[in-house]
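S.K.: here is the input, now give the coordinates:
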Amino acid sequence: MTLLAELNVKGADEIIAAASAKKDAKDLIDKLGVEAKDDNTLVVTLTKVTPYFINALTFKGLVPIREDIAKSQGEKYGVDCKTMVYNGPFVVADYQKGSKIVYNTCLDQRLQLHQIFQTI
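M.R.: As a prediction, the model looks like this:
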């Protein structure tokens, strides 16, 4: 199950079923209950009441990123911490699966953090 299906987003289950059956799901994308109404409005249609939906929007995987940078990485995007796009006060400096993650503050946001943290 994916996050969108777990959050009960309209059409997510159908896309997952098509992908699992190795069928083309491109025509289903337009039926997914996610729409950018304008530059400042995201509309999400749910299949049922989901009390935790608003809290789930704070998950790191749902934070907006710059599309042009992500696309420029192509298939390499997200493979390691060097090809990730970050949105926030910290970036991943080192990642060892199952072992450790080291976060460093972003240079352009250090003043906002008042140098409280440099590495976590």
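S.K.: please count neighbours and contacts with C-alpha atoms only from this point.
M.R.: Noted.
S.K.: for Lys37, give me phi and psi.
M.R.: Backbone torsions for Lys37, taken as degrees, to the nearest 10, come to phi -70, psi -40.
S.K.: which ones are touching it?
M.R.: Residues near Lys37 by C-alpha atoms under 8 Å, 6 or more residues apart in numbering: Val43.
S.K.: show me the strands in this protein, by range?
M.R.: Secondary structure of the chain (DSSP state E): strands located at 34-38, 41-44, 90-96, 100-105.
S.K.: and the ones you listed as JSON lines, adding mean pLDDT and distance to Thr58?
M.R.: Below are the strands of the chain laid out as JSON lines (pLDDT from 0 to 100; distance: least, C-alpha to C-alpha, whole Å):
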{"stretch": "strand 34-38", "mean pLDDT": "91", "distance to Thr58": "16"}
{"stretch": "strand 41-44", "mean pLDDT": "92", "distance to Thr58": "14"}
{"stretch": "strand 90-96", "mean pLDDT": "82", "distance to Thr58": "15"}
{"stretch": "strand 100-105", "mean pLDDT": "84", "distance to Thr58": "18"}
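S.K.: gap between the helix ranked longest in the chain and the chain center?
M.R.: Longest helix in the chain, counting residues (DSSP state H): helix 12-20. Here helix 12-20 is found 19 Å from its chain centre; the criterion is C-alpha atoms, centre = their mean, to the nearest Å.
S.K.: so which elements touch that helix?
M.R.: helix 3-6, helix 26-29 (3 or more C-alpha pairs under 8 Å, 6 or more residues apart in numbering; DSSP states H and E).
S.K.: any idea how far stretch 8-22 is from the middle of the chain?
M.R.: With C-alpha atoms, centre = their mean, you get 18 Å for stretch 8-22.
S.K.: buried sites along it?
M.R.: Applying a neighbour-count criterion of 16 or more other C-alpha atoms under 10 Å, one finds 8-16 buried in stretch 8-22.
S.K.: how long is stretch 69-85 end to end?
M.R.: Taking C-alpha to C-alpha, to the nearest Å, stretch 69-85 runs 7 Å from one end to the other.
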